[in-house]
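In: Provide a 3D model corresponding to the input given below.
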Amino acid sequence: MRNRENKKIAKSEKKHSVAGLIAKYLTAAVVILVLFWFGFTTQVREGQCAVILRFGAVREEITEAGLYLKLPWPFETVVNYDDKLQYLESNKLETTTRDKRNIIIQSYVAWEIEDTVLYHSSVGSQGKVSSYLNDQVFSATNSIMGGYDLTALVSLEKEQIRIDQIQDEIFARVRDNCLANYGIKVTDVRILRLSLPDTNLESVFEQMRADSQKEIDIILANADKEASKIESNAAADASEIEAAGKNEAAAIKAQTEAEVARIYAEAQKANIELYKFLQNLDTMVNSVNSSTILVVKANEYPFNILTEYSKNMEIEGNETVVHDLTYILTQLPEADREALITAVAALIEDAAAKNAIGG
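Out: All right, here's what the predicted structure looks like:
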């Protein structure tokens, strides 16, 4: 009985010994696997790049995400960097333009790592990259702005502004220097803020006022020029119209005089006595002057014939014929005409005689 119990105890102890041994082996395997995982592998995540260093020197550059083998520390170490496109606002820079005006410029930079090995050897850590980029932006901005006046940034005249050109030049210089010296690919550099020191504000406002006045002067000069042109054209048109009017008036006058002469000729041809009278009348009229006054009683015969006849007389022939004594005489009945001729002749003879005596 005692032997059986001893055998059972020995068998149980043997089972426990085998289980413990298996547990030890499993524990050792897990420890070895863990040590291998952390000591002999490295993981590069998406959006990262890395370099594997063997005793501080770059052994391998990693640009793709994945699991990579390496020797454990201290033989090899891994340095990871953010490979995504990044954004940096530069510090404010006070610089001077070509016309000696101080300005304060703040820019932004969009960048990413292009050459991981060069980036590691030149920059070394993410904490220093902003300092390197700021230095490059400051150097390029100082150099570029020294070739431009303030009006290239601030002006009321659009054609003087060169902001896009300035930004492109700064970007080109920063891009080339960062890629060559730091392995950084700069994708964009733009001016974020532009301000002026307090001491420069008044001079800038004065410049803006001068630019405004210059623009006003140009507008006024153009307006005066246009007004002069309009006045010149109007004067030319007026002269042309006036000349045309004078020509037309001269033509009408000539036509009127011709018509009057024709009427006189016809009237004189029809009545030879009337013609003789008119000739004598012209002679007598020439013997008096402008100061001679003829006084007639228009309401007594035969002078009332002139008044009454002229009221009812209608224009005959050319409308411009004047209703003078000669024309009326040609239209009167013979008895009235002879009476009026005799009265007028006597009146003029008397006036001429008085005028001779007075002279």
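
In: which residues of the stretch 1-150 of the chain score low on pLDDT?
Out: 1-21, 23-39, 125-127 (pLDDT under 70).

In: show me which residues of stretch 185-203 are buried.
Out: Across stretch 185-203, burial judged by 16 or more other CB atoms under 10 Å covers 185-186, 189, 191, 196, 200. (Each C-beta comes from the backbone N, C-alpha and C, glycine too.)

In: okay, that stretch in CSV with CA atoms only?
Out: Extracted in CSV, the C-alpha atoms of stretch 185-203 (Å, rounded to 0.1, in the frame of the first residue of the first chain):
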residue,chain,number,x,y,z
LYS,A,185,11.5,71.0,-50.3
VAL,A,186,9.8,74.4,-49.9
THR,A,187,6.6,74.4,-51.9
ASP,A,188,5.5,78.0,-51.2
VAL,A,189,6.5,81.3,-49.5
ARG,A,190,4.1,84.1,-49.3
ILE,A,191,3.8,87.4,-47.4
LEU,A,192,1.3,86.9,-44.5
ARG,A,193,1.3,90.3,-42.9
LEU,A,194,2.7,93.7,-43.9
SER,A,195,2.9,96.6,-41.4
LEU,A,196,4.8,99.8,-40.8
PRO,A,197,6.6,101.2,-37.8
ASP,A,198,4.9,104.1,-36.1
THR,A,199,7.6,106.5,-37.3
ASN,A,200,6.9,105.7,-40.9
LEU,A,201,3.1,105.9,-40.9
GLU,A,202,3.0,109.7,-41.5
SER,A,203,5.4,109.5,-44.4
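
In: tell me how far Ile62 lies from Thr42.
Out: Applying CB to CB, to the nearest Å, the value for Ile62 to Thr42 is 8 Å.

In: point out where the stretch 251-359 of the chain drops to low pLDDT.
Out: The stretch 251-359 of the chain contains residues with pLDDT under 70 at 257, 260-261, 263-303, 305-331, 351-359.

In: now do the domain split for this protein, please.
Out: Domain ranges of the chain: 17-79, 86-196, 201-257, 271-358, per automatic domain parsing.

In: how about the strands in this structure?
Out: 41-44, 48-54, 57-62, 66-69, 76-82, 86-89, 93-96, 102-113, 184-195 (DSSP state E).

In: and of those strands, who's closest to Ser130?
Out: Among these, the nearest to Ser130 by CB to CB is strand 86-89 (5.8 Å).

In: return the set of buried residues in that closest one.
Out: In strand 86-89, counting by 16+ other CB under 10 Å, buried: 86, 88.

In: again, but for stretch 141-155
Out: 141, 144-145, 148-155.

In: filter those residues down to the ones in helices?
Out: Under the assignment DSSP state H, the buried residues of stretch 141-155 contribute 141, 144-145 to helices.

In: and the strands of the chain as CSV, adding distance to Thr256?
Out: Converted to CSV, these look like this (distance: least, CB to CB, whole Å):
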stretch, distance to Thr256
strand 41-44, 115
strand 48-54, 109
strand 57-62, 113
strand 66-69, 116
strand 76-82, 106
strand 86-89, 94
strand 93-96, 86
strand 102-113, 83
strand 184-195, 82
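
In: Ile163 is nearest to which of these?
Out: Across the strands of the chain, Ile163 has its closest neighbour in strand 184-195 (6.8 Å, CB to CB).

In: can you list the strands that that closest one pairs with?
Out: Take DSSP bridges as the rule and strand 184-195 pairs in its sheet with strand 102-113 (antiparallel).

In: and the buried residues of stretch 141-155, which is closest to Ile241?
Out: For the buried residues of stretch 141-155, the nearest to Ile241 is Ser155 (48.6 Å; CB to CB).

In: tally of neighbours for the residue nearest to Val189 when sequence neighbours are not counted?
Out: Counting by CB to CB, 6 or more residues apart in numbering, Phe171 is the residue found nearest to Val189 once chain neighbours are left out, at 4.0 Å. By the criterion of other CB atoms under 10 Å, Phe171 has 21 neighbours.

In: can you check Arg175 too?
Out: Count around Arg175 with other CB under 10 Å applied: 20.

In: per-residue confidence at it?
Out: What the model reports for Arg175 is a pLDDT of 95.

In: contact partners for it?
Out: Applying CB atoms under 8 Å, 6 or more residues apart in numbering to Arg175 gives the contacts 185-186, 189.

In: can you pull the buried residues of stretch 167-174?
Out: Buried, per 16+ other CB under 10 Å, within stretch 167-174: 167, 169-171, 173-174.

In: what is the nearest of the contacts of Arg175 to Lys253?
Out: Of the contacts of Arg175, the one sitting nearest to Lys253 (CB to CB) turns out to be Val189, at 85.8 Å.

In: that closest one and Glu169 touch, don't they?
Out: No: judged on CB atoms under 8 Å, Val189 makes no contact with Glu169 at a distance of 9.8 Å.

In: quick check: neighbours shared by these two?
Out: Common contacts of Val189 and Glu169 (CB under 8 Å, 6+ apart): Ala140.
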